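Q: Pasted the sequence and its predicted model underneath.
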Amino acid sequence: MGKYIIEAEDINLKYTFIQSLNFRNSMFSNFKKQNKEKRGKTVHALKDLNFKIEHGKTVGLIGGNGAGKSTLLRMFAKVYEPDSGSLTINTDSVSLLALGAGFQNDLPGIDNIFLNGILLGLTKAQVEEKIDEIIEFAELGEFIDAPLRTYSSGMRTKLAFSIASHIEPELLLIDEVFSVGDARFKKKSDKKIRSLINNKRTVIMVSHSLGVIEDLCDQVIWLDKGVIMEIGETKEIIKKYNEFMK
Ligand SMILES: Nc1ncnc2c1ncn2[C@@H]1O[C@H](COP(=O)(O)OP(=O)(O)OP(=O)(O)O)[C@@H](O)[C@H]1O
């Protein structure tokens with residue numbers, strides 16, 4: 001095993017999309033007349049990023065709204081590929097803890113555990129091995145056999161958290177998912193996140209809560225408008241970030 005789990009060289013990502021007509025701009029005939037090509041927009045979300053992340057580290061991604069944090073996290077999960085540059089992820093065991101992606105409302109909780117577990121990278125046998133633990137952790141009682149559309153949003157969140165936190169990959173990506181549910185469940189989910197982090201795996205997390213980042217991370221990557229402002233030891237970077245935000 002090499003020293004680094006992630007190696008990024010000059011990576012760039014641009015989103016291209018067609019600006020849709022809305023009530024306001026449909027009032028302007030010029031906008032209406034523009035063809036789709038002209039209404040095309042490009043956002044250069046990540047610009048020439050260079051960094052390496054060592055195995056076993058817990059790394060925080062910080063930065064203001066639209067800085068590129070979630071985009072970068074999704075690249076680590078291979079949801080997006082860079083438009084240019086090279087991104088090497090030296091493991092196949094990666095999962096992105098973002099709550100409830102891929103849930104099916106008409107299926108019961110238990111079927112969603114299988115579906116979601118497999119989407120997050122487990123085999124059916126691995127889900128079977130963990131299913132009792134997942135159900136117990138989610139605390140849904142008989143609702144586990146009811147269709148998801150009958151769940152409250154808190155119940156959905158508990159189920160999503162329980163599934164995602166039982167995946168235990170080598171590289172765990174966490175997108176702003178901390179302490180979910182009611183006060184008691186929050187305590188339990190917080191403890192679960194900490195146990196995942198303390199388990200020698202590499203964890204990369206996005207959070208707007210600098211307290212959480214400072215508490216949990218060894219290192220920080222600070223992004224602003226798609227570029228890396230600073231990268232380094234948590235306390236030092238958070239101090240610079242706070243000064244910058246003043
Ligand atoms: N699917 C998309 N299509 C077009 N543009 C997008 C898309 N997703 C993100 N963007 C744009 O890319 C830039 C980076 O967005 P991203 O969600 O990665 O930022 P972020 O740092 O996670 O922001 P926040 O803290 O607000 O969640 C923003 O300008 C955003 O508008």
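A: Sure, I can see it. Owing to the predicted nature of the structure, the values given are computational and were not obtained by experimental measurement.

Q: Please report how far the residue positioned nearest the centre of the chain lies from Val79.
A: The chain has Asp175 as the residue nearest its centroid, 3.1 Å off, counting by CA atoms, centre = their mean. From Asp175 across to Val79, the span is 11 Å (CB to CB, to the nearest Å). In short, each C-beta sits where N, CA and C put it, glycine included.

Q: what sits in contact with each of the two?
A: Shared contacts of Asp175 and Val79, defined by CB atoms under 8 Å, 6 or more residues apart in numbering, comprise Leu96.

Q: what pairs with the residue nearest to the centre of the chain across the strands?
A: Note on Asp175: beta-bridge partners by DSSP bridges are Val206.

Q: That one against Val206, yeah?
A: Yes - using CB atoms under 8 Å, Asp175 is in contact with Val206, at 5.1 Å.

Q: overlap in contacts of these two?
A: Counting by CB under 8 Å, 6+ apart, the common neighbours of Asp175 and Val206 are Ser70, Leu73.

Q: who in the chain is up against the ligand?
A: Tyr15, Phe17, Val43, Ala45, Gly63, Asn65, Gly66, Ala67, Gly68, Lys69, Ser70, Thr71 (CB under 6 Å from any ligand atom).

Q: Over to the fifth one: give its phi and psi.
A: Phi and psi for Gly63, reported as degrees, to the nearest 10, are phi 150, psi 160.

Q: got it, and the second one?
A: With angles defined as degrees, to the nearest 10, Phe17 sits at phi -150, psi 160.

Q: which residues touch it?
A: Neighbouring residues of Phe17 by CB under 8 Å, 6+ apart: Gly40, Lys41, Val43.

Q: Dump the residues you listed into JSON lines; add pLDDT and neighbour count as well.
A: JSON lines is the format used below for the contacts of Phe17 (pLDDT from 0 to 100; neighbours: other CB atoms under 10 Å):
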{"residue": "Gly40", "pLDDT": "80", "neighbour count": "12"}
{"residue": "Lys41", "pLDDT": "86", "neighbour count": "9"}
{"residue": "Val43", "pLDDT": "94", "neighbour count": "14"}
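
Q: ok, Cys217 touching Val59?
A: Yes - Cys217 lies in contact with Val59 (CB under 8 Å); the separation is 6.0 Å.

Q: so what sits against both of these two?
A: Joint contacts of Cys217 and Val59 (CB under 8 Å, 6+ apart) are Met205.

Q: the more surrounded of those two?
A: Using other CB atoms under 10 Å as the criterion, Cys217 and Val59 rank with Cys217 on top: 25 against 22.

Q: excluding its backbone neighbours, what's nearest that one?
A: Gly60 (3.9 Å; CB to CB, 6 or more residues apart in numbering).

Q: tally of neighbours for Thr234?
A: By other CB under 10 Å, the residues close to Thr234 number 20.

Q: I'd like the distance between it and the ligand.
A: Distance, Thr234 to the ligand, by CB to the nearest ligand atom, to the nearest Å: 18 Å.

Q: mind listing what that residue touches?
A: By CB under 8 Å, 6+ apart, the residues touching Thr234 are Gly60, Ile213, Glu214, Cys217, Asp218, Gln219, Val220.

Q: just checking, which of those belong to helices?
A: Judged by DSSP state H, those include Ile213, Glu214 as members of helices.

Q: Cool, thanks, signing off.
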